[in-house]
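Colleague: Next comes the sequence, and after it the predicted model I'd like to discuss.
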Amino acid sequence: MLVFKNNIYDALSPGNSTSSPDSDYNSNFDPPHFIEAALNQDEEVLSFIERQPALYWREDFLQFYPHAGRVNSLPALKEILKILRSGLIDMSCWHHMNSYHFCYLYDVLVRFAFNYNHDNIKEKLFHLPELKGKSVFLGSFITHYFFDRAFLVEPDHFNSLDWNQKEQLGYDCPHLFGVINGLTPTREEMALKESKDYPYAIFV
C-alpha cells in the first residue's frame with residue numbers, strides 16, 4: 001500500500017475529508033483505481049516513447065513528463081512505474097515514497113486527468129466508470145493526498161538556496177535534489193521504503 005498524506009485506501013479513515021464540492025463525486029471517487037488507471041495508461045506512453053528513435057527520447061520525456069522527465073532515462077521511468085504499480089496493490093505492508101515517486105506520479109496523474117476530463121462520455125466510462133462520466137477534481141486530489149510539491153520548484157531557484165533556507169521552505173524531502181536537478185536515480189533511490197506500522201494518526 002502506498003503512503004500518501006491521507007489514506008487512499010479508506011475514505012472514512014481519520015484525516016480524510018471532502019475532496020470536492022460534489023458529494024456524489026466524493027462517495028464514488030476511488031483513489032486507488034484512479035492511480036491504477038493512470039499508471040496503466042502510462043505503460044502505453046512509455047511503450048510509445050520506446051518505439052521512437054532514441055534521438056527524440058529527451059524531447060518526448062519533457063513533453064510527457066515535464067518534471068520527472070528531467071532524469072532523461074527510459075529505464076528509470078519504466079522501473080518507477082513498475083515499482084509504484086506493485087506497491088499500490090501490495091497489501092502486506094505500507095510503502096513510503098520519496099520525491100522521485102511523487103514527482104513521477106504528479107506528471108502521470110496530471111496528464112491522465114487532463115486527457116480524461118477532455119474525453120467523450122464513452123471514454124470516461126471506460127477509464128473510470130465509478131465517476132459516471134464526471135470530471136476528476138485533480139487539484140483537490142493533489143492537495144488532499146500529496147505531502148508537498150517541492151519537486152515543482154525551478155532548479156535555478158532551488159540551487160540558489162543554502163541548506164537552512166531549503167529546510168525552512170520544506171525543501172528537505174528525500175532525494176529532492178536529485179529530482180530537481182535531473183539526476184538518474186539509483187536502484188536504492190527508486191525503491192519504496194517498506195513499513196509494517198500504520199502510517200496515519202489514529203484518533204480515539
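Modeller: In hand now; what should we look at?

Colleague: so where is the protein shaky, pLDDT-wise?
Modeller: 12-20, 203-204 (pLDDT under 70).

Colleague: His101 is in contact with Val179, correct?
Modeller: No. Taking contacts as Cβ atoms under 8 Å, Val179 lies outside contact range of His101: 9.6 Å. Using the backbone N, CA and C atoms, a C-beta is placed for each residue, glycine as well.

Colleague: So these two - more neighbours on which side?
Modeller: Val179 (29 against 25; other Cβ atoms under 10 Å).

Colleague: give me the element that one is part of.
Modeller: helix 176-180 (DSSP states H and E).

Colleague: And that helix, what does it pack against?
Modeller: Contacts defined by 3 or more Cβ pairs under 8 Å, 6 or more residues apart in numbering; DSSP states H and E place helix 176-180 against helix 99-117, helix 155-160.

Colleague: Check what contacts the shortest one and list those residues.
Modeller: Among residues not part of helix 155-160, those counted as contacts by Cβ atoms under 8 Å, 6 or more residues apart in numbering are Lys166, Tyr171, Leu176, Phe177, Ile180, Asn181, Gly182.

Colleague: can you pull the contacts of the first one?
Modeller: It refers to Lys166. Going by Cβ under 8 Å, 6+ apart, Lys166 touches Phe158, Asp172.

Colleague: Using the three-state scheme, assign it.
Modeller: Under DSSP: H, G, I helix; E, B strand; the rest coil, Lys166 falls in the helix class.

Colleague: where's it relative to Asn181, distance?
Modeller: 13 Å (Cβ to Cβ, to the nearest Å).

Colleague: if we can go back for a sec, quick check, nearest of the contacts of helix 155-160 to Met91?
Modeller: Closest approach to Met91 among the contacts of helix 155-160 (Cβ to Cβ): Leu176, at 28.7 Å.

Colleague: Find me whatever residue is spatially closest to that closest one, sequence neighbours aside.
Modeller: Excluding the flanking residues, the one nearest Leu176 by Cβ to Cβ, 6 or more residues apart in numbering is Ser99, at 4.4 Å.

Colleague: surely that neighbour meets Cys173?
Modeller: Yes. Using Cβ under 8 Å, Ser99 is in contact with Cys173, at 4.8 Å.

Colleague: Who has more neighbours out of the two?
Modeller: The residue with more neighbours, out of Ser99 and Cys173, is Ser99; 23 against 19, by other Cβ under 10 Å.

Colleague: Do you have the helices of the chain handy? List them.
Modeller: 23-28, 31-51, 57-64, 74-89, 99-117, 121-127, 138-145, 155-160, 163-168, 176-180, 187-190 (DSSP state H).
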